[in-house]
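**Q** kindly return the folded structure for what I paste below:
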Amino acid sequence: MTDAHQPKVPTMRAVDHVAYTVPDLDEAIAFFVDHFGAELIFKDGPFADTESDGMRRRLGVDPGARCTLAMLRLGQHHNIELFEYDAPDQVRVPPPNSDVGGHHLAFYVDDIDAGYDYVKAIPGVVVQEGPNGVDPAAPVAGQRWFYFRSPWGMQLELTSCAEGGFYDGLPGARVAPPSETWR
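**A** Reported below is the predicted structural model:
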């Protein structure tokens, strides 16, 4: 690894977590635990700072905001932090992927067809067209994938590669191939 790929932030070693805001924290926790093997690490809050503008200064949100949070572990190496906010200026519609701030969380599966059938059967989930393949000349030839939305509208993806080796041989280095096992 060259110095160009080394972080300049002193002592940085890893990505700790990614965070998503959800409309109902308990529903989101249950969704990830029940269907994706997440482990609830902790739940905390509610937090508010009605005496000052601490919520704006610390989190960049409306000073009147209140939030509750939960940290979940997904597999061996990933943590997601879920926030439920109540804020005067809150927008309660998730942005599409095409909007700035749009996002999705992708899970790797060995059998995309079995994953598709399972996800399709989850109550409240909206499955987009798929599974989809990629152009055989693409850097990720062999990959198959599909998008879906959680019951509250969060965008997610299942992805797979039948040959299992698309992480090897890509132009440049592909970071973080899927683990051999979930735990």
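**Q** so where's the longest helix in this protein?
**A** Of all the segments of type helix in the chain, defined by DSSP state H, the longest one is helix 25-36.
**Q** how far does it sit from its chain's centre?
**A** 13 Å (C-alpha atoms, centre = their mean, to the nearest Å).
**Q** buried residues in that helix, which are they?
**A** Within helix 25-36, the residues that qualify as buried are 25, 28, 29, 31, 32, 36, counting by 16 or more other C-beta atoms under 10 Å. In this view, the C-beta of every residue, glycine as well, is placed from N, C-alpha and C.
**Q** possible to save these as JSON lines with distance to residue 133?
**A** Below are those laid out as JSON lines (distance: C-beta to C-beta, whole Å):
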{"residue": "25", "distance to residue 133": "36"}
{"residue": "28", "distance to residue 133": "31"}
{"residue": "29", "distance to residue 133": "33"}
{"residue": "31", "distance to residue 133": "27"}
{"residue": "32", "distance to residue 133": "27"}
{"residue": "36", "distance to residue 133": "24"}
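**Q** any stretches of the chain with poor pLDDT?
**A** Within the chain, the set of residues satisfying pLDDT under 70 comprises 1-4, 162-183.
**Q** nearest the middle, which residue of it would you pick?
**A** residue 105 (3.1 Å; C-alpha atoms, centre = their mean).
**Q** and which of the buried residues of helix 25-36 is nearest to residue 64?
**A** residue 25 (18.8 Å; C-beta to C-beta).
**Q** and for that closest one, nearest residue in space, chain neighbours not counted?
**A** Spatial nearest neighbour of residue 25, excluding adjacent residues (C-beta to C-beta, 6 or more residues apart in numbering): residue 84 at 3.8 Å.
**Q** tally up the residues packed near residue 73, please.
**A** 17 (other C-beta atoms under 10 Å).
**Q** show the contacting residues for it.
**A** With contact taken as C-beta atoms under 8 Å, 6 or more residues apart in numbering, residue 73 is in contact with 38, 39, 41, 79.
**Q** and what of residue 95?
**A** Contacts for residue 95 (C-beta under 8 Å, 6+ apart) come out as 101, 102, 103.
**Q** what pairs with the residue nearest to residue 25 across the strands?
**A** Beta bridges link residue 84 to residue 68, judged by DSSP bridges.
**Q** distance of residue 79 from residue 38?
**A** 9 Å (C-beta to C-beta, to the nearest Å).
**Q** between these two, which contacts overlap?
**A** Counting by C-beta under 8 Å, 6+ apart, the residues touching both residue 79 and residue 38 are 72, 73.
**Q** tell me which of the two has more neighbours.
**A** Shown here are residue 79 and residue 38; by other C-beta under 10 Å, residue 38 has more neighbours (23 against 17).
**Q** if I look at the more buried one, how far off is residue 75?
**A** As judged by C-beta to C-beta, residue 38 and residue 75 stand 9 Å apart.
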